[in-house]
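**Student:** heads up, no residue letters with this:
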């Protein structure tokens, strides 16, 4: 598996209704890019304001990009893509458990340190946890799919043995570890700590 393809892999393995709209319709892409810029700027994505800025009504906007949760999920994943790609490139020369640890460590640390991401978590904590950490979440399902592919690639290269777990089972565990540290302030009131996250990945994978 090409290390540079980690980010794009999630959406290809777990497509969403909005993914197909973005691929097919320029108006959908225009609305999405505007919403993404708003999010990165640290502002709240408001559907009414977004529709007005594009010169359309809310009905047209909904037809283009779905509801607010669908839009937020796609925006969040679009920001995860370059983060995962960067993590994959940084770990390109590693193999086995070391590669998996390096990718998860870099990805988790980058999320913890991204200011626009922390702003969203602080502003809309309940929605953030629902969109990012539940089994119905496109974001979580894509993250699990990427980690599953990563574990499977290392197993198939005879560089890592995930047994007695299947790759997807181990991936779900690793994603939960990442989430527990990334969202520690929302879940338990503790400070998110990327070093503790790395230590936990090492404990699980270097056994």
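**Tutor:** Received it, and whenever you're ready, just let me know what you need. Note that this is a predicted model, so its numbers are computed, not measured.
**Student:** any low-confidence regions in this structure?
**Tutor:** Using pLDDT under 70 as the threshold, the predicted model of the chain has low-confidence ranges 1-4.
**Student:** 90 - rerun?
**Tutor:** Within the chain, the set of residues satisfying pLDDT under 90 comprises 1-13, 15-25, 135-137, 188, 207.
**Student:** Could you pull up the residues touching residue 111?
**Tutor:** 80, 83, 117, 182 (CB atoms under 8 Å, 6 or more residues apart in numbering). Placement of C-beta: from N, CA and C, glycine included.
**Student:** Inside helices: which ones of the residues you listed?
**Tutor:** Counting by DSSP state H, the contacts of residue 111 place 80, 83, 117, 182 in helices.
**Student:** Dump these to JSON lines, plus distance to residue 155.
**Tutor:** Formatted as JSON lines, the ones in helices among the contacts of residue 111 follow (distance: CB to CB, whole Å):
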{"residue": "80", "distance to residue 155": "23"}
{"residue": "83", "distance to residue 155": "24"}
{"residue": "117", "distance to residue 155": "31"}
{"residue": "182", "distance to residue 155": "25"}
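**Student:** Please produce a PyMOL select command covering the buried subset of these.
**Tutor:** A single PyMOL command suffices to select whichever of these are buried according to 16 or more other CB atoms under 10 Å:
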select buried, resi 80+83+117+182
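**Student:** Closest to residue 46 out of the ones in helices among the contacts of residue 111?
**Tutor:** Nearest to residue 46, judged by CB to CB, of these is residue 117 at 18.5 Å.
**Student:** wait, doesn't that closest one sit right on residue 79?
**Tutor:** Yes. Here residue 117 reaches residue 79: they are 7.3 Å apart, a contact under CB atoms under 8 Å.
**Student:** So which of the contacts of residue 111 is the closest to residue 136?
**Tutor:** When those are ranked by distance to residue 136 (CB to CB), residue 80 comes first, at 17.3 Å.
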